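**Q** Return a 3D structure for these sequence lines:
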Amino acid sequence: MSNAAQTQGEQALVIDCREITRTYRQGPTELTIFSDISLEVAAGETVAIVGSSGAGKTTLLNLLGGLDKPTSGHISICGVDIHALREKGRAGFRNRQLGFVYQFHHLLPEFTALENVMMPCALAGESMRSARQKAKDILGKVRLGERLSHKPGELSGGERQRVAIARALVNAPQCVLMDEPTGNLDEHTGREVQALIESLRDQLGISFVVVTHDMGMAQRLGRVLRLEEGRLVEAS
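**A** Numbering: from 1, shown residues only. A predicted model of the protein is given here:
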């Protein structure tokens, strides 16, 4: 096990990865992205992952989210081996237990902030009334209660990213995976999003795994790991 895997005492583990390897075939050549990575993330913990471009940070997030499969190793999310699930079951599990936020917000431009945030609830089969109330509540938590009817084109970059965060949180997941959530924002707005992540973690007890190029942000968020040369190590 790499030294990135740490004992979390009595806290429940939201993420438990054991000896994950991911390789790809490029013609006759086998390319190893990373090898024998182990990682534990406790409930309510924030872990930041840094590393150079091309180190495999996004690939690791995709594995944690069940969007890609490891070549070898085991990934347990909330005690469930997600890669043992069939595709439909894995998709449903992701919708209930995991949230995703990317560098670009990926909001649907023809829908309002409220409608964008309601969508994960609709996919889970909730009634429109319930979905609407949950979306209103979480948009209030990200300080967008007055912007419910605005479409993405009518919102600032920071507001769009807050809508994306609300969408990731609306089903009360155990963990939110973020890939460069401030990478497309100016420094001031990026700091606001960072503060929001910390606030939501403390309020809701949700775990966050955040890939970022910003070491300052990473250090302020919590435990920092570096992905380098195919290994996940504690950042100094």
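
**Q** Isn't Ile206 up against Asn171?
**A** No: counting by CB atoms under 8 Å, Ile206 sits too far from Asn171 to count as a contact (11.1 Å). In this view, the C-beta of every residue, glycine as well, is placed from N, C-alpha and C.

**Q** Now the common contact residues for those two.
**A** Contact criterion CB atoms under 8 Å, 6 or more residues apart in numbering; residues shared by Ile206 and Asn171: Gly99.

**Q** Going along the chain, name the strands of the protein.
**A** 13-26, 29-42, 46-50, 72-77, 80-81, 98-101, 175-179, 207-211, 223-228, 231-234 (DSSP state E).

**Q** So for stretch 18-31, what gets flagged as buried?
**A** The neighbour-count check on stretch 18-31 (16 or more other CB atoms under 10 Å) flags 18, 20, 22 as buried.

**Q** what's that stretch in contact with?
**A** 1, 32-39, 56, 59-60, 63, 68, 70-76.

**Q** Can you check what pLDDT the model gives the residue of the chain positioned farthest from its centre?
**A** Here the centre of the chain is the reference, and by CA atoms, centre = their mean the most remote residue is Pro28, at 33.7 Å. The model reports Pro28 with a pLDDT of 86.

**Q** returning to what we had before: return the member of the buried residues of stretch 18-31 nearest to His83.
**A** Taking CB to CB as the measure, Ile20 is the one of the buried residues of stretch 18-31 closest to His83, at 10.4 Å.

**Q** who are the neighbours in contact with the nearest residue to that closest one once chain neighbours are set aside?
**A** Spatial nearest neighbour of Ile20, excluding adjacent residues (CB to CB, 6 or more residues apart in numbering): Gly73 at 3.7 Å. Counting by CB under 8 Å, 6+ apart, Gly73 makes contact with 17-21, 36-37.

**Q** what do you get if the cut-off is 6 Å, keeping everything else the same?
**A** 18-21 (CB atoms under 6 Å, 6 or more residues apart in numbering).

**Q** so how far is Gly65 from it?
**A** With distances taken as CB to CB, to the nearest Å, Gly73 is found 15 Å from Gly65.

**Q** do the same with Thr21
**A** In terms of CB to CB, Thr21 sits 18 Å off from Gly65.

**Q** One more: Leu108?
**A** Applying CB to CB to Leu108 and Gly65 gives a distance of 20 Å.

**Q** quick one: which of these two has more around it?
**A** Gly65 (20 against 11; other CB atoms under 10 Å).

**Q** Can you report phi and psi for the more buried one?
**A** phi -90, psi 0 (degrees, to the nearest 10).

**Q** How about the contacts made by it?
**A** 98, 177.

**Q** sorry, back to before: closest to His213 among the contacts of Gly73?
**A** Ile20 (22.1 Å).

**Q** which residues pair with that closest one across the strands?
**A** Ile37 (DSSP bridges).

**Q** What's the separation between the residue nearest the centre of the chain and Asn95?
**A** The residue lying closest to the centre of the chain (CA atoms, centre = their mean) is Leu177, at 0.8 Å. According to CB to CB, Leu177 and Asn95 sit 13 Å apart.
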